[in-house]
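Visitor: Give me a 3D structure for the following:
(one chain, ligands or ions: 2)
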Amino acid sequence: ALLPILNYPDPRLRTIAKPVKEVTAEIKTLIADMIETMYDAQGIGLAASQVDQHIQLIVMDLSEDKNNPRVFINPKVTPLVEEKQPYEEGCLSVPEVYDKVERPNKVRIEALDENGEKIDEEVEGLLAVCIQHEMDHLNGVIFVDYLSRLKQTRARDKVRKIIKIREKQD
Ligand SMILES: O=C(O)C[C@@H](Cc1ccccc1)C(=O)SCC(=O)c1ccccc1
Ligand SMILES: [Zn+2]
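Guide: Numbering: from 1, shown residues only. Ligands and ions are numbered 1, 2, ... in the order given. You can find the predicted model right below:
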């Protein structure tokens, strides 16, 4: 089922996500719903925090054909390089706002997959950028937090307008 995505600056987006103790049937349903919601919103990632479920769960799919969803449960990300590189990020919770954020572009991901199997990978490029962006969501951080106050104000105003337009369309 499609889930509503919280929009910036909704305070619920600032909630710290709790670890998943057991991958229950309910969580498997949430994973399926998050993947469906991510594709519908044309995203390449989605954190559970964005659909108001405050558990440490991320889904991502960077494939062309949108047919290779990845699931990361209780993820831990460790930078593998010192230097940071800028990348033009977006966010499904801050629609139509894109801006450069500097992040290490090679990281180690340790997590569990949807079957509770261990994941331990070194990734770089967009995958590294995206997983750090999603990890931020689980810690109540949104990419606009890295931008200037002026850009944050502009982002807030722009999201407010876009939501009004979307509500008229519905
Ligand atoms: O809000 C989210 O977490 C999803 C977000 C993930 C993300 C994309 C790009 C850089 C960092 C994090 C998105 O999917 S935004 C929409 C999108 O598909 C996209 C935007 C910019 C570059 C590449 C993809
Ligand atoms: Zn985001």
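Visitor: Near ligand 1, which residues of the protein? Just list them.
Guide: Remark: the part of the chain in contact with ligand 1 comprises 42-47, 88-93, 129-130, 133-134, 137, using CB under 6 Å from any ligand atom. C-betas here are computed from N, CA, C, even on glycine.
Visitor: And the buried ones among the residues you listed, selectable in PyMOL?
Guide: Provided next is the PyMOL selection string for whichever of the residues of the chain next to ligand 1 are buried by 16 or more other CB atoms under 10 Å:
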select buried, resi 43+44+45+46+47+89+90+91+92+93+129+130+133+134+137
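Visitor: So which of the residues of the chain next to ligand 1 are in strands?
Guide: Among the residues of the chain next to ligand 1, the ones falling in strands (DSSP state E) are 45, 46, 47, 88, 89.
Visitor: Please identify the helix or strand for residue 167.
Guide: Here residue 167 is covered by helix 149-169, with elements defined by DSSP states H and E.
Visitor: what's in contact with that helix?
Guide: Taking contacts as CB atoms under 8 Å, 6 or more residues apart in numbering, the residues outside helix 149-169 that touch it are 7, 8, 9, 94, 95, 96, 97, 99, 144, 145, 147.
Visitor: Would you reformat those as CSV and include neighbour count?
Guide: Shown next, in CSV, are these (neighbours: other CB atoms under 10 Å):
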residue, neighbour count
7, 19
8, 21
9, 16
94, 23
95, 18
96, 11
97, 21
99, 19
144, 23
145, 12
147, 18
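Visitor: which one among those residues gets closest to residue 67?
Guide: Compare each of the contacts of helix 149-169 with residue 67 using CB to CB and the shortest gap goes to residue 95, at 24.5 Å.
Visitor: Go ahead and confirm the closest one touches residue 7.
Guide: Yes - the criterion here is CB atoms under 8 Å, and residue 95 meets it with residue 7 at 7.2 Å.
Visitor: Next up, the contacts around the residue most central in space within the chain.
Guide: Among the residues of the chain, the one closest to the centroid is residue 134, at 3.3 Å (CA atoms, centre = their mean). The neighbours of residue 134, taking CB under 8 Å, 6+ apart as the test, are 45, 46, 47, 58, 60, 72, 75.
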